[in-house]
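Asks: what follows is a predicted structure for the sequence shown.
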Amino acid sequence: MDRTDLPPLREVIARHGLSASKALGQNFLLDEQLLDRIAAIPGDLADAAVLEIGPGPGGLTRALLRAGARVSAIERDARCLPALAELEAAFPGQLRIIEGDALAIDHAELMSEPFAVVANLPYNIGTLLFTRWLTRPEWPPAWTSLTLMFQQEVARRVVAKPGSGEYGRLAVLSQWRAEAKLAMKVHRSAFTPPPKVMSAIVHCLPTEQPNDVAIATLERVTEAAFGQRRKMLRQSLKGVSGALAALETLGIDETRRAETLSVNDFVSVAREIGTI
Ligand SMILES: C[S@@+](CC[C@H](N)C(=O)[O-])C[C@H]1O[C@@H](n2cnc3c(N)ncnc32)[C@H](O)[C@@H]1O
């Protein structure tokens, strides 16, 4: 079998007995045209290093390989490995399969060069991995872009602007560290089996920035501010050491509420507080 006569994904799933496991967050994409459109979101991938999390039966993996990427794919479900090995044979030298838990693997260590992340992530670990990629201590990070499938509601929270009910910690973190945009909505019916909710793909490019903000402080400030989002900052931030003094120094009115502050305001407050 070579790249020109790959069997349909439905056939691969049936032949390898890959019934979707709910526990592993398995909802597969089988429409190859859709998969090619997803693989095009990060831009030209010819000869680019790509990290894929959760390749499953390899639908998105195929599309990435067709786009010319050199793919390292981490999959936890051993049942998927024979199907992925077929792809490895069809695209010699382009695919490296790593069996394991993506949460337990240091991605920067795994990849020996800058890499794009492209993944139809399991929903239960998506936000966790995303947050980890955004809070890498070294910056710019080893990843050059993130192209990630989320539940639509989570994707909206990533790109939310101040003043909206969806604006919160995830928006501040994402938009501080990345240019984040909603790249594509994906209807639930595109998945097998269809999940209960709609999905959307977020594309992020890392922003250039000085490494002068303590991430733990920013997390603490946003957690406190949005934890009591209806309260004034003087109330919600009173338990965060140095926060009220920082508001005063920066001329931010302490009677404002969290959702009226810009991403830059939050970053300035964290920078002013320093390490706590
Ligand atoms: C939503 S499915 C997507 C499958 C495939 N990429 C597609 O688009 O059809 C998520 C995949 O992630 C795998 N997975 C779940 N948890 C994982 C983990 N902790 N590390 C690596 N892979 C994981 C699942 O086994 C499954 O194959």
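Replies: Here it is on my side, so go on.

Asks: contacts, neighbours, all on C-alpha from now
Replies: Will do.

Asks: and Thr144, how far from the ligand?
Replies: 20 Å (CA to the nearest ligand atom, to the nearest Å).

Asks: nearest residue to that residue in space, please, no chain neighbours.
Replies: Ala116 (5.1 Å; CA to CA, 6 or more residues apart in numbering).

Asks: burial measure for that neighbour, as a count.
Replies: 21 (other CA atoms under 10 Å).

Asks: need phi/psi at it.
Replies: With angles defined as degrees, to the nearest 10, Ala116 sits at phi -90, psi 140.

Asks: next one: Ile105
Replies: phi -110, psi 140.

Asks: again, but for the one 4 residues further on
Replies: Dihedral pair for Glu109: phi -70, psi -40, per degrees, to the nearest 10.

Asks: and it, how close does it get to the ligand?
Replies: Glu109 is 16 Å from the ligand, by CA to the nearest ligand atom.

Asks: then Glu86?
Replies: Applying CA to the nearest ligand atom to Glu86 and the ligand gives a distance of 15 Å.

Asks: could you do Gln175 as well?
Replies: In terms of CA to the nearest ligand atom, Gln175 sits 25 Å off from the ligand.

Asks: hang on, that residue packs against Val263?
Replies: Yes. With contact defined as CA atoms under 8 Å, Gln175 reaches Val263; the gap is 6.9 Å.

Asks: the more surrounded of these two?
Replies: Between Gln175 and Val263, Gln175 has the larger neighbour count (other CA under 10 Å), namely 23 against 20.

Asks: show me the contacts for the nearest residue to Leu233 once chain neighbours are set aside.
Replies: In this structure, Leu233 finds its nearest non-sequential neighbour in Glu254, 5.1 Å apart by CA to CA, 6+ apart. For Glu254, the contact set (CA atoms under 8 Å, 6 or more residues apart in numbering) comprises Met232, Leu233, Arg234, Leu244, Leu247, Glu248.

Asks: with Tyr167 instead?
Replies: Arg157, Val158, Ala160, Lys161, Glu259.

Asks: state the pair within these that is farthest apart.
Replies: Val158 and Glu259 (14.0 Å; CA to CA).

Asks: mark which of the contacts of Glu254 are buried, thanks.
Replies: Met232, Leu233, Arg234, Leu244, Leu247 (16 or more other CA atoms under 10 Å).

Asks: can you classify the third one as helix, strand or coil?
Replies: Going by DSSP: H, G, I helix; E, B strand; the rest coil, the secondary structure assigned to Arg234 is helix.

Asks: that one and Ala245 touch, don't they?
Replies: No. Contact criterion CA under 8 Å: Arg234 and Ala245 do not qualify, at 10.2 Å.

Asks: remind me which residues of the chain are low pLDDT?
Replies: Along the chain, segments meeting pLDDT under 70 span 1-2, 4.

Asks: is it true that Gln256 touches Arg230?
Replies: Small correction: residue 256 is Arg, not Gln. No. Using CA under 8 Å, Arg256 is not in contact with Arg230; the gap is 9.6 Å.

Asks: with that, I have no additional questions.
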